[in-house]
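Engineer: Below is the sequence, then the predicted model.
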Amino acid sequence: GESVGLHLPTLSVQEGDNSIINCAYSNSASDYFIWYKQESGKGPQFIIDIRSNMDKRQGQRVTVLLNKTVKHLSLQIAATQPGDSAVYFCAENSGGTSYGKLTFGQGTILTVHP
Amino acid sequence: DAGITQSPRHKVTETGTPVTLRCHQTENHRYMYWYRQDPGHGLRLIHYSYGVKDTDKGEVSDGYSVSRSKTEDFLLTLESATSSQTSVYFCAMTRDRSPISGNTIYFGEGSWLTVV
């Protein structure tokens, strides 16, 4: 079936560096994408979202890029901090009955070293 | 907090016993969802509801049933628990059918279920 996957399962960076987390998706009908952060023992925490009619969206210290041609999504975190250490998931929705029906990627573990 | 709670938060049960997890919301959101998360995986959709008494299957629905008799409660039942159902279960809710930009899919804190 359709799925969303990640290129890199782990990413280790130094504090202050910029981080880039990548995600590939296979469902060409996907029209809404979300990045989540998950800390140990907690539920997913919304970071940023983007709709398929956009190719870039910026938030506070984060930017999401969407390349529909190659079905690729990325999350850029500027000036990464130790508090950013977590598992990051991309998720997509292909519309239908509700947009809470999400397909998640496997996740990327981001470790930020002081 | 987004007004969504799960209970129990932790449970250990024996193989073959029935288990019910409860998701309760105070936001009057129409749509509710149950996901499971296993080590090394993202969340996978089990069942969802688009209104009272309206439910449908997700990606991994085998072995699970749900009920929604009230807007605020969405119950997930394992009729006869198996070890493969050991997982973390997350409930979620949304108000609308179409996404409005921003944080509008609210997740609960999770229920850790161990089947021994």
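Structural biologist: Okay, I see it.
Engineer: Phi first, then psi, for B:E79.
Structural biologist: B:E79 adopts backbone torsions of phi -60, psi -40, taken as degrees, to the nearest 10.
Engineer: Show me which residues of chain A are close to chain B?
Structural biologist: Within chain A, the positions near chain B by Cβ under 8 Å from any Cβ of the partner chain are A:1, A:4, A:32, A:34, A:41-44, A:46, A:49, A:51, A:89, A:91, A:93, A:97-107. Backbone N, C-alpha and C define where each C-beta goes, glycine included.
Engineer: For chain B, what's the nearest residue on chain A?
Structural biologist: Evaluated by Cβ to the nearest Cβ, chain A has A:F104 as its residue closest to chain B, separated by 2.8 Å.
Engineer: show me the contacts for the closest residue to that residue other than its chain neighbours.
Structural biologist: In space, and not counting its chain neighbours, A:F104 is closest to B:G42: 2.8 Å by Cβ to Cβ, 6 or more residues apart in numbering or on different chains. Taking Cβ atoms under 8 Å, 6 or more residues apart in numbering or on different chains as the contact definition, B:G42 lies against A:4, A:89, A:91, A:104-107.
Engineer: Now neighbour count too, for those residues, in a markdown table please.
Structural biologist: What follows is these, written out as a markdown table (neighbours: other Cβ atoms under 10 Å in any protein chain shown):
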| residue | neighbour count |
| --- | --- |
| A:V4 | 23 |
| A:F89 | 27 |
| A:A91 | 24 |
| A:F104 | 24 |
| A:G105 | 26 |
| A:Q106 | 16 |
| A:G107 | 23 |
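Engineer: Next step: those residues restricted to helices.
Structural biologist: Of the contacts of B:G42, none are assigned to helices by DSSP state H.
Engineer: Go through these and say which is closest to B:W34.
Structural biologist: A:F104 (13.8 Å; Cβ to Cβ).
Engineer: Distance of that closest one relative to B:T13?
Structural biologist: 26 Å (Cβ to Cβ, to the nearest Å).
Engineer: if we can go back for a sec, name only those of the residues of chain A next to chain B that count as buried.
Structural biologist: A:4, A:32, A:34, A:43-44, A:49, A:89, A:91, A:93, A:98-107 (16 or more other Cβ atoms under 10 Å in any protein chain shown).
Engineer: Ignoring the adjacent residues along the chain, who's closest to A:G43?
Structural biologist: A:G43 sits nearest to B:F107 (Cβ to Cβ, 6+ apart), 3.9 Å away.
Engineer: Get me the contact residues on chain B for chain A.
Structural biologist: B:31, B:33, B:40-45, B:48, B:50, B:56, B:58-59, B:90, B:92-94, B:96-99, B:101-103, B:105, B:107-110.
Engineer: Paired strands for whichever strand or helix holds B:S69, with orientation please.
Structural biologist: Secondary structure from DSSP states H and E places B:S69 in strand B:64-70. When sheet partners are counted by DSSP bridges, strand B:64-70 sits next to strand B:73-78 (antiparallel).
Engineer: beta partners for the closest residue to A:E39 other than its chain neighbours?
Structural biologist: Nearest non-adjacent residue to A:E39, counting by Cβ to Cβ, 6+ apart: A:A86, 4.8 Å away. Assessed by DSSP bridges, A:A86 has beta-bridge partners A:L110.
Engineer: Do a quick rundown of the strands in chain B.
Structural biologist: B:4-7, B:10-13, B:19-25, B:31-37, B:43-51, B:54-57, B:64-70, B:73-78, B:87-94, B:106-107, B:111-115 (DSSP state E).
Engineer: does the residue of chain A closest to chain B have beta-bridge partners, and which?
Structural biologist: Here A:F104 sits in beta bridges with A:A91, as judged by DSSP bridges.
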